[in-house]
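>>> Build me a model:
(chains A, B, C and D)
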Number of protein chains: 4
Amino acid sequence: MPNKKIRLGILGGGGDSLIGVLHRIASSMHDNYEIVGGVFNPEHEESLKFARHLGLDESRVYKDYETFINEEIKLDSEKRIEVVSVLTPNFLHFPMAKMLLENNFHVICEKPLTTTYAEAKELFKIKESKDLVFAVTYTYTGYPMVRQMTKMVANGEIGKVHKVDAQYLQGWLNPVVHDKEKRSSTWRLNPKVSGISCCVGDIGTHAFNMVELVAGSNVKKILSHLNNLYDDNPMDVDANILIQLENGANGTIRSSQIATGEENNLRISIYGDKGGLKWEQENPNYLYHLSDNEPMRVLKTAHPYNYDISNISTKIPPGHPEGIFDSMGNIYNGVAKAIKKQKFDSVEFPSIDEGVRGMDFIEKAVKSHQSGNIWMNLD
Amino acid sequence: MPNKKIRLGILGGGGDSLIGVLHRIASSMHDNYEIVGGVFNPEHEESLKFARHLGLDESRVYKDYETFINEEIKLDSEKRIEVVSVLTPNFLHFPMAKMLLENNFHVICEKPLTTTYAEAKELFKIKESKDLVFAVTYTYTGYPMVRQMTKMVANGEIGKVHKVDAQYLQGWLNPVVHDKEKRSSTWRLNPKVSGISCCVGDIGTHAFNMVELVAGSNVKKILSHLNNLYDDNPMDVDANILIQLENGANGTIRSSQIATGEENNLRISIYGDKGGLKWEQENPNYLYHLSDNEPMRVLKTAHPYNYDISNISTKIPPGHPEGIFDSMGNIYNGVAKAIKKQKFDSVEFPSIDEGVRGMDFIEKAVKSHQSGNIWMNLD
Amino acid sequence: MPNKKIRLGILGGGGDSLIGVLHRIASSMHDNYEIVGGVFNPEHEESLKFARHLGLDESRVYKDYETFINEEIKLDSEKRIEVVSVLTPNFLHFPMAKMLLENNFHVICEKPLTTTYAEAKELFKIKESKDLVFAVTYTYTGYPMVRQMTKMVANGEIGKVHKVDAQYLQGWLNPVVHDKEKRSSTWRLNPKVSGISCCVGDIGTHAFNMVELVAGSNVKKILSHLNNLYDDNPMDVDANILIQLENGANGTIRSSQIATGEENNLRISIYGDKGGLKWEQENPNYLYHLSDNEPMRVLKTAHPYNYDISNISTKIPPGHPEGIFDSMGNIYNGVAKAIKKQKFDSVEFPSIDEGVRGMDFIEKAVKSHQSGNIWMNLD
Amino acid sequence: MPNKKIRLGILGGGGDSLIGVLHRIASSMHDNYEIVGGVFNPEHEESLKFARHLGLDESRVYKDYETFINEEIKLDSEKRIEVVSVLTPNFLHFPMAKMLLENNFHVICEKPLTTTYAEAKELFKIKESKDLVFAVTYTYTGYPMVRQMTKMVANGEIGKVHKVDAQYLQGWLNPVVHDKEKRSSTWRLNPKVSGISCCVGDIGTHAFNMVELVAGSNVKKILSHLNNLYDDNPMDVDANILIQLENGANGTIRSSQIATGEENNLRISIYGDKGGLKWEQENPNYLYHLSDNEPMRVLKTAHPYNYDISNISTKIPPGHPEGIFDSMGNIYNGVAKAIKKQKFDSVEFPSIDEGVRGMDFIEKAVKSHQSGNIWMNLD
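Numbers count the residues shown, from 1 in each chain, chains lettered A, B, ... in the order given. Take a look at the predicted model:
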């Protein structure tokens, strides 16, 4: 019996879109998706042109997402697109995902899930009543060594967790924010377009998700100190956030887009009473395991000493680096298992729950700061 | 006008083959190939099963490569497979590539090109008379920072090159070679299957290719010291090779498969009268630029300070790691340009010339050692 | 004319004391001190024994510090000890330093300066009225690359500073604090012996001093979140502190003694609108210089491209590592210049002012936490 | 009973001499030497001036080494200098060490031991008939992690050694050698002053010594390929040397002074059938332990998991870096034990045997190259 590839539709991600390339390649890596159609661009002509570039059947390329949904559901179930990747600007995530869920499509949605926590909760409620898969692409969770780290903590290899330290440092906003002209014109720093937070919303939320995943515990409360740098800049470009976890651990989440010269420096360190673990996104194939009385061990991908869930997340033997495309590919592979109702591990893709928590985090981070840097409980 | 994807056929690489996954993903990354058919497995049933897994049209899956070629050439030129990736065991490279060339298919061939230098030269001769593209997949040359390094040297940024030091260290053969039973039964150490060299043929040749590419100069002569470790082992598992380049530089190529605990530690350092450059395969997104009187600079991918050919070899902004799949993807992308007769840079894929030189290197390395570690000229 | 070495006395540091070895070697490195006498141990017999081990004249070894001072001041000014290193447990720093100042000895005091901020201010007041040198040995400030970093920031090489991130992570307390028996018996966690803070007082204060030194700006206010881990433990073992600097920069100081497996991981990162700088104590001979649009530069010791004050802080050419003994040696060398009234740079040793600020920081950190994690102004 | 410090004399090392500072500080670190006198400079006035700077008794400063020896031996045995450090230019090592031995002084001699192998053997012969300590300061062997490495290999922790790879790369000669004027005038490239080899003699010999120490086996034969770069340059500035050890292992020693931008990059890797070990001089407090099937372990100084001989070679807890001064200090400490006839481990200082082997290596390296790159047996 032939491999029935899952029929994938895409909203957004056309032209030179980086996120588009990332999702397309990711979807192809494990031979379980077939890109069938979508809406790649607000301009229908551009969308068609892009579809031709991909070699797609133009009849499955629609002028907008409403048409996409309305037309696809008319198709025979053997032909109809099954899952849709939502790669559009943030404010479109909510209406698109909502209508997709209501019409029984599985959804793969870029983060942040929505632009407000209220929207996120609404989506969650809809999803609860459906037997659908809903993934939120916190891309970095797909790395094999993040999965290894998560399992090591869960299995008690570092004992009871008492400290977590996460950072996500970028510098790309630095040349923008210091220029009055540029900072007032970029959409990134326009709350009407980007929501209430720039730095926390864009990258702090990745670090937050990573903390909860790896620690195996929710964050209970946060105290946030944001920095807009200039009075005329309405949005945060830097954030230092104190955290307390349900499991009793304390820590920080520090994120910045003005850490000049930093590229994509996401790191997480976690310490328990038996050991510690450290991981860095820019060197993702290494995991550092510390202990009180043994030499540090440097774990690498694809070794028998790793957990299975880590090793099935690599495609190649030790010493052959894999990167961000492979990480996203692992998430798509996990989603495929869920859609096919195969057995999968909860670490294989971030679910809508994690998307909802991310929105709660963003809003409370802003609120804590605006209230004078006080503790706020997450729901 | 729609994107006419290049029709790609594959010989070998079925089932769980790692090399198969690598080539398939690589071919899909830049939206310019479509896998159409091939022979994935010596067992036709397995081959068909695998084709179904890939979602291919079974009519384009053949029982052997001769049939593949004979049938494909009957097809209309708009439908016929244009380029074929040869991923089979080494001894099949030659007959397959030969027949493919003779029947006017472009070829992408895994290294080593053939099992003997004579075969390689014969292929080269056939290819010379054809207007065809022939790539040899020295995979590591596709990394953006290898390309950056090559261009920096070529543009005189380290001045006149006077020293090159290359190593390729693995340890995986260690548990095999020390076990009499295992070493006498593995095909890797059986010259009838694997040719005259294990370590030099398998990985030394990568380092050799990298040296010539990056230095921008051919190796003129070599003096080789091989190690088989045991008298009953007919093949080298470790090699230390002195080299002299046409441009006057000296250096070494050191390769090993008994460097216990090493994974895939390919490194190259090159020094000129103005500076030095160092690169490591296991951390491929970094390039180290040394000079007499300035701090070392650490170049990373996707920055405007890199050469264009390096930056077009990345798909994503700085700080997002790419790996070996992306590296091979860049080679496939280069081949696509050549097939489409678009402009391309010679670093974009290794050609048959480089495959031929690799075979010369392997044979001379063995000969130098057998002759008492004397200098041998390469052709 | 012979080199008149400065006559140095030592209080504490006898037997196997690590701090004793560190100061003795440091004092000898630049040929400008001669250890003459002191009180090495509360037990006079032990003290004498140790003096013999050092080859000292026993007549200059006294039974207690009062006797030391009272006897030494009777000696001829050409013979009398000129400067005294105070290496005793913290609670003795204040009475010893006070009496030394009052009797016109220069002082080199281990940190923390005193056990309370009030004592520190009292010492400062006495010192103000004297023409004496008073150094506080924040050891890590003596490293050449810390001095380089300080000068680069001061000279605007990273532009206006807007972000500082400091951490000082150790794990050694981990096996103690989780054991009820041990945590109730160690003097480290006994406030009567160790003052009001363990982790902030012991190491957070180093990070604080480093921040102010390198940023070239005082910390204006802090908000502290401490962790004692157990209710029956009266002292902090982990601290996450938000900071705001006078120059407008924000950041964190994170210190821990339960970061399991960490050794002495003091790091500081500082970002301005033109670039960033990063330094790590465990690899002290490297300084990382980031910028928006240039490759990261890795500065190393003893190169002409460094500032003079960095290069005179090394004794040996590039590539020969120096360590903590050399760092402390540089501080002693700076103190010697000040005593000899030679020209010196303010970075050459931390003064009493820095010791006083350290005590303010410790007390406010505890107070901020006890008050519910609120902002506290430093004086 | 007072600590009788060993009375140390010094020949050479005056003024700004780097080697002088290194030895003086090293001798003081463990409280077991007292510098008493010597000849610091060929100019007696300079020598006296330097002695005053050190605070020495001028009566023990002599006009030349013959006078030094002749006068010192007249002194009472309780007063007489016991051990002499020879820090002069290479050609003086032999006559000085010879006369010192003949007059029953212990000797600490800088490397290379002499300027010819014949001289070295002659010294060795004299020393054999004496009950004296003779150390050759291969400085890098004093690092704690080199000692740890040596013991781990000796105790079989990596199994039977089958591969050794050593490099010592510097770049400082690069700007000299490419300038015709400079290369013809520097004493370094003048064989009359510097002996028959520049690069092998100066640094290759360090790597050679490290190989034999760590592998626990002598090098049996070598095949050398040297590079002078210019025809008018009579001396090697770069060397690639193949080696075979008595224990059956193969490998290379690569040394260079034209590896542009390299500082003092001495590295050694050693592989056995159970594991591998790697160490780098520029990051000396780390030791990397590889194995086939376990994560790499990163050993650091001062941990209980190290051998005692490693831990007694540190003065301070984990995470506090020590450097080259501390390394040399460990060698002096070992020599002190030997002089005092205390128990010591053979790794605690390199003996005259190692100095002699170094000279054999240098001469055979040059001879192998001059003979057309052939294998030469070491004695």
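>>> tell me the pLDDT at residue A:356?
The model reports residue A:356 with a pLDDT of 98.
>>> So stretch A:187-203, near chain C or not?
No - against chain C, stretch A:187-203 shows no contacts by CB under 8 Å from any CB of the partner chain, the least distance being 11.5 Å. Yep, even glycine has a C-beta here, placed from its N, CA and C like the rest.
>>> and that stretch, what's its mean pLDDT?
91.
>>> all strands of the stretch 101-250 of chain A, in order?
For the stretch 101-250 of chain A, applying DSSP state E, counting those that start in this stretch gives strands covering A:106-110, A:134-137, A:161-169, A:219-227, A:238-245, A:250-256.
>>> Those strands into TSV, with extra columns for distance to chain C, mean neighbour count and mean pLDDT?
Formatted as TSV, those follow (distance: least, CB to the nearest CB, whole Å; neighbours: other CB atoms under 10 Å in any protein chain shown; pLDDT from 0 to 100):
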stretch	distance to chain C	mean neighbour count	mean pLDDT
strand A:106-110	26	25	98
strand A:134-137	28	26	98
strand A:161-169	6	26	98
strand A:219-227	5	22	98
strand A:238-245	5	26	98
strand A:250-256	5	27	98
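>>> Let me have those strands in CSV, extended by distance to chain D.
CSV is the format used below for the strands of the stretch 101-250 of chain A (distance: least, CB to the nearest CB, whole Å):
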stretch, distance to chain D
strand A:106-110, 33
strand A:134-137, 29
strand A:161-169, 17
strand A:219-227, 29
strand A:238-245, 25
strand A:250-256, 21
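>>> Let me have the ones you listed in TSV, extended by distance to residue B:238.
Output for the strands of the stretch 101-250 of chain A, formatted as TSV (distance: least, CB to CB, whole Å):
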stretch	distance to residue B:238
strand A:106-110	48
strand A:134-137	45
strand A:161-169	42
strand A:219-227	52
strand A:238-245	50
strand A:250-256	47
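>>> Looks like residue A:172 contacts residue A:257 (just checking).
Yes - the criterion here is CB atoms under 8 Å, and residue A:172 meets it with residue A:257 at 6.4 Å.
>>> closest to residue C:5 out of the strands of the stretch 101-250 of chain A?
strand A:161-169 (46.3 Å; CB to CB).
>>> same for that closest one, what does it pack against?
helix A:205-215, strand A:238-245, strand A:250-256, strand A:265-272 (3 or more CB pairs under 8 Å, 6 or more residues apart in numbering or on different chains; DSSP states H and E).
>>> List the pairing partners of that strand within its sheet, with orientation.
strand A:250-256 (parallel), strand A:265-272 (antiparallel) (DSSP bridges).
>>> And the contacts of the first one?
If you take CB atoms under 8 Å, 6 or more residues apart in numbering or on different chains as the criterion, strand A:250-256 is touched by A:162-171, A:199-200, A:203-204, A:207-208, A:211, A:222, A:237-245, A:262, C:163, C:165, C:225, C:227, C:238, C:240, C:252, C:254, C:271.
>>> Could you check how far it is from the centre of its chain?
Put simply, strand A:250-256 sits 18 Å off its chain's centre (CA atoms, centre = their mean, to the nearest Å).
>>> now residue A:132, nearest residue through space, not along the chain?
Counting by CB to CB, 6 or more residues apart in numbering or on different chains, residue A:132 lies nearest to residue A:106, which is 5.2 Å off, once chain neighbours are set aside.
>>> per-residue pLDDT, the residue lying closest to residue A:64 once chain neighbours are set aside?
Leaving out its chain neighbours, the residue that sits closest to residue A:64 by CB to CB, 6+ apart is residue A:39, at 6.1 Å. On pLDDT, residue A:39 comes in at 98.
>>> residues contacting residue A:39?
A:10-12, A:47, A:61-65, A:67-68.
>>> I figured residue A:117 was touching residue A:363, is that so?
Yes - look at residue A:117 against residue A:363 with CB under 8 Å: they come within range, at 4.7 Å.
>>> so residue A:226 sits right up against residue A:367, yeah?
No - Residue A:226 lies out of contact with residue A:367 (CB under 8 Å); the separation is 10.6 Å.
>>> distance between the ends of stretch A:27-34?
Criterion CA to CA, to the nearest Å; first-to-last residue distance in stretch A:27-34 is 8 Å.
>>> do stretch A:77-84 as well
15 Å.
>>> next one: stretch A:307-322
For stretch A:307-322, the end-to-end distance is 17 Å (CA to CA).
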